[in-house]
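Asks: Coordinates for the following, if possible.
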Amino acid sequence: MTPLSPSTVRYIKLGAGGAFARASLDRGELQLGYHEVPHELCAVGDWDGVLAFFGGIRKTAGKAKDSMREVQDFYTLGPDCLWITFADGLLWWGFAEPEATWLAPDSTQSASRMRRMIGGWRSTNIQGKPLRMADLTTRLTQVANYRGTICAVRAAEYLVRKINAEDEPIVTAATSARQAMTKSATDMIAALHWADFEIMVDLIFARGGWQRVSVLGKTMADVDLVLEQPTLGEVASVQVKSRASQAVLDEHIAYFEASGHDRTFFVCHSPTGALSKGEAEGVHLWTGEPLAEIAVKSGLFDWLMDRVG
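Replies: As a prediction, the model looks like this:
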């Protein structure tokens with residue numbers, strides 16, 4: 001699908017409390033209430049007449065003008081106007097044919113007029129990913145709290161980027177900064193003294209809710225740390241190596257499989273060649289940049305700077 005480039009954007013509430021939403025979405029129609037407003041005045045563009053009409057039924061001139069503006073937008077905004085609404089926890093969007101049709105409703109529970117949607121309503125971006133309200137910023141979704149029926153969308157640029165499946169510029173910049181931070185963390189971890197490396201690993205697990213049941217730095221056969229996760233009731237072993245080959249990893253996996261522990265972590269910042277845990281279950285292999293990402297997420301970047309510096 002071609003990326004959108006609308007001339008303007010409007011939010012529409014499909015009936016009070018979404019009364020018209022299901023019918024509008026199912027039929028592919030942009031529906032409007034305002035049952036009391038003469039269709040004839042709107043169809044010929046007599047907006048002074050429409051304003052005078054609202055002046056007779058609204059409490060203030062300002063409210064009359066707001067109502068006239070909403071109806072005018074419905075009738076006059078062209079097929080290049082992007083319309084959005086919210087229903088079923090999703091953002092729905094589309095463009096409407098210019099012609100407005102009177103529906104002659106017999107109840108205010110149904111719409112009084114409509115415009116046909118070009119290709120119907122859509123609730124996915126141009127790549128087919130659902131546009132869930134929970135995944136959108138409240139800068140956009142708060143427009144659903146608008147007390148009227150039709151209004152402009154302040155977060156229009158953000159909206160168009162989401163529909164076009166484009167990254168947010170600020171997120172793109174943050175991602176680049178995060179990648180640079182991870183690269184620096186990788187280099188700093190490789191420069192740590194082995195004792196500091198063990199401390200860093202211990203800090204990662206402590207911040208993840210694991211508790212040591214062995215003494216840090218005490219010599220133990222086969223492992224450097226034994227940990228317990230009290231919430232899960234799991235016991236894990238940890239092997240920490242500055243450098244290690246596949247043979248060393250294989251030896252540790254054999255130890256783990258005979259240990260009775262729930263899981264094990266093999267942590268090595270500078271492996272000798274590529275390491276693989278194969279089909280072994282319960283084995284977590286932390287090396288290189290993935291290890292650095294874990295350290296950064298654990299809030300240890302400044303700690304690394306202090307230790308290396």
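
Asks: Now the longest helix along the chain - C-alpha only, CSV.
Replies: When the chain is scanned for its longest helix (criterion: DSSP state H), the result is helix 169-190. Only the C-alpha atoms of helix 169-190 are listed here, as CSV (Å, rounded to 0.1, in the frame of the first residue of the first chain):
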residue,chain,number,x,y,z
PRO,A,169,12.3,10.2,14.8
ILE,A,170,13.0,10.5,18.5
VAL,A,171,12.9,6.7,18.9
THR,A,172,15.3,6.3,15.9
ALA,A,173,17.7,8.7,17.5
ALA,A,174,17.4,6.9,20.9
THR,A,175,18.0,3.5,19.2
SER,A,176,21.2,4.8,17.6
ALA,A,177,22.3,6.1,21.0
ARG,A,178,21.4,2.8,22.7
GLN,A,179,23.4,0.9,20.0
ALA,A,180,26.5,3.1,20.6
MET,A,181,26.1,2.6,24.4
THR,A,182,25.9,-1.2,23.9
LYS,A,183,29.1,-1.1,21.7
SER,A,184,30.9,0.9,24.4
ALA,A,185,29.7,-1.4,27.1
THR,A,186,31.0,-4.4,25.1
ASP,A,187,34.4,-2.9,24.9
MET,A,188,34.5,-1.9,28.6
ILE,A,189,33.4,-5.4,29.7
ALA,A,190,36.2,-6.9,27.7
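
Asks: Other residues contacting it?
Replies: For helix 169-190, contacts defined as CB atoms under 8 Å, 6 or more residues apart in numbering pick out 167, 197, 200, 269-270, 288-289, 291-293, 295-296, 300-301, 304-305, 307-308. Bear in mind the C-beta positions are built from the backbone N, C-alpha and C, glycine included.

Asks: Mind checking which of those are buried?
Replies: Neighbour counting by 16 or more other CB atoms under 10 Å classes 197, 200, 269, 291-293, 295-296, 300-301, 304, 307-308 among the contacts of helix 169-190 as buried.
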